[in-house]
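1. Below: sequence and its predicted model.
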Amino acid sequence: MKQADNIILMGRNPLVEALNEGKDIEKVFILDSLRGDIEKEIRGICKDQNIPLSRVPNEKLNALAGNRNHQGVVGMISPIHFQELDDVLSLAFEQGKSPAIVILEGVSDVRNMAAICRSALVFGLDAVVITAKKHAAINSDTIKISAGAILNIPVCREKNMNAVIEKCKMYGIQILATDLHGAVAIDACDFTGPVAIVMGAEDMGVTPETLKQADQKIKIPQISDFDSLNVSVAAGIIFYQMMRSRA
């Protein structure tokens, strides 16, 4: 069935079967009081597959399921296929490319997510990477706002930022994190090698923990000291500068 343009799964067996078959699930909602073997199984599979899981009251599940029998679990089918970051990076290197990816740390607004995907595709990035927790919903609105770009660029969902950074460093990818303090201006950055650009959440930016692990902090030069640019606007400017640098 459809609920708010999202295809959803209801019931324990259908959800477990979909999870075991490797279906792309955007998110799983589970009754906050549900316990037992089925709860452990669903929680374990979601952890293994980096699928966000939220414990919610029965009222929320009823709303998602249109008051149909959900048996305490509802899963939202993703409209896109999540790809493995390892596969994307390996393929890029096999093709003789110097991969460039963008990592979104907590970007939660659908419009920003969509705009970043559109810019990433236009300026030739190899993938958009998100983490299992705190990311913008990927649904029909995201596809529409991105003008379909999100369907044409690999989107990778990793467990957390530590896992992403670990993989990047394993492949020799330079991690460039956006920050306003003590950062290098993007026109002085070397984007020619393998790079991962980290864009932070709309309200907090890149977390201090990620900044510590980054190889370099970068910023967009500004004439005015009025706050900072919107994350999707900033991403587009950085991607353009990277494309120019590589050209």
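-> Nice, thanks for sending it over. Residues are numbered from 1 along each chain as shown.
2. Is residue 79 within a helix or a strand, and which one?
-> Under DSSP states H and E, no helix or strand contains residue 79.
3. Does it touch residue 139 like I think?
-> Yes - counting by C-beta atoms under 8 Å, residue 139 is a contact partner of residue 79 at 6.4 Å. All C-beta atoms are positioned from the backbone trio N, CA, C, and that covers glycine.
4. intersection of neighbour lists for the two?
-> Common neighbours of residue 79 and residue 139 are listed as residue 26 (criterion: C-beta atoms under 8 Å, 6 or more residues apart in numbering).
5. Show me the chain divided up by domain.
-> As given by automatic domain parsing, the domain ranges for the chain are 2-77, 82-246.
6. deepest of those, which one?
-> Comparing the domains of the chain by mean neighbour count (mean count of other C-beta atoms under 10 Å), domain 82-246 ranks first with a mean of 18.
7. what distance separates the start and the end of that domain?
-> 27 Å (C-alpha to C-alpha, to the nearest Å).
8. Give the rounded mean pLDDT of it.
-> Taken as a whole, domain 82-246 has an average pLDDT of 93.
9. Next, the nearest residue to residue 117 once chain neighbours are set aside: secondary structure please.
-> Distances taken as C-beta to C-beta, 6 or more residues apart in numbering put residue 150 closest to residue 117, at 4.3 Å, once the chain neighbours are dropped. State at residue 150, reduced to three classes by DSSP: H, G, I helix; E, B strand; the rest coil: helix.
10. dump the residue contacts of residue 150.
-> Residue 150 touches 80, 113, 114, 117, 118, 128, 138, 142, 143, counting by C-beta under 8 Å, 6+ apart.
11. Kindly report the same for residue 132.
-> 50, 51, 52, 157, 158, 159, 160.
12. contacting residues around the residue most central in space within the chain?
-> The centroid of the chain falls nearest to residue 130 when counting by C-alpha atoms, centre = their mean (2.0 Å). Applying C-beta under 8 Å, 6+ apart to residue 130 gives the contacts 103, 104, 107, 136, 155, 156, 157, 158.
13. What of residue 220?
-> 185, 186, 229, 234, 237, 238.
14. Quick check: residue 30 touching residue 55?
-> Yes - with contact defined as C-beta under 8 Å, residue 30 and residue 55 form a contacting pair (5.7 Å).
15. Which secondary structure elements does the host helix or strand of residue 212 sit against?
-> Assessed by DSSP H and E, residue 212 sits inside helix 208-213. Applying 3 or more C-beta pairs under 8 Å, 6 or more residues apart in numbering; DSSP states H and E, we find helix 208-213 packed against helix 161-170, strand 174-178.
16. how about these in TSV, adding distance to residue 64?
-> Shown next, in TSV, are those (distance: least, C-beta to C-beta, whole Å):
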stretch	distance to residue 64
helix 161-170	28
strand 174-178	35
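17. For residue 66, which of those is the nearest?
-> helix 161-170 (35.6 Å; C-beta to C-beta).
18. So residue 197 belongs to a strand, correct?
-> Yes - assessed by three-state DSSP, residue 197 belongs to a strand.
19. Who are the contact partners of it?
-> 100, 101, 102, 103, 176, 178, 218, 235, 238, 239, 242.
20. before we move on, what about residue 146?
-> 113, 114, 115, 117, 118.
21. For it, give its distance to residue 140.
-> 11 Å (C-beta to C-beta, to the nearest Å).
22. can you give me phi and psi for the closest residue in space to residue 239 that isn't next to it in sequence?
-> Counting by C-beta to C-beta, 6+ apart, residue 123 is the residue found nearest to residue 239 once chain neighbours are left out, at 3.8 Å. Taking degrees, to the nearest 10, you get phi -100, psi 10 for the backbone angles of residue 123.
23. now do residue 8
-> Torsion angles, degrees, to the nearest 10, at residue 8: phi -120, psi 160.
24. from what I can see it touches residue 68, true?
-> No - here residue 8 does not reach residue 68: they are 9.9 Å apart, not a contact under C-beta under 8 Å.
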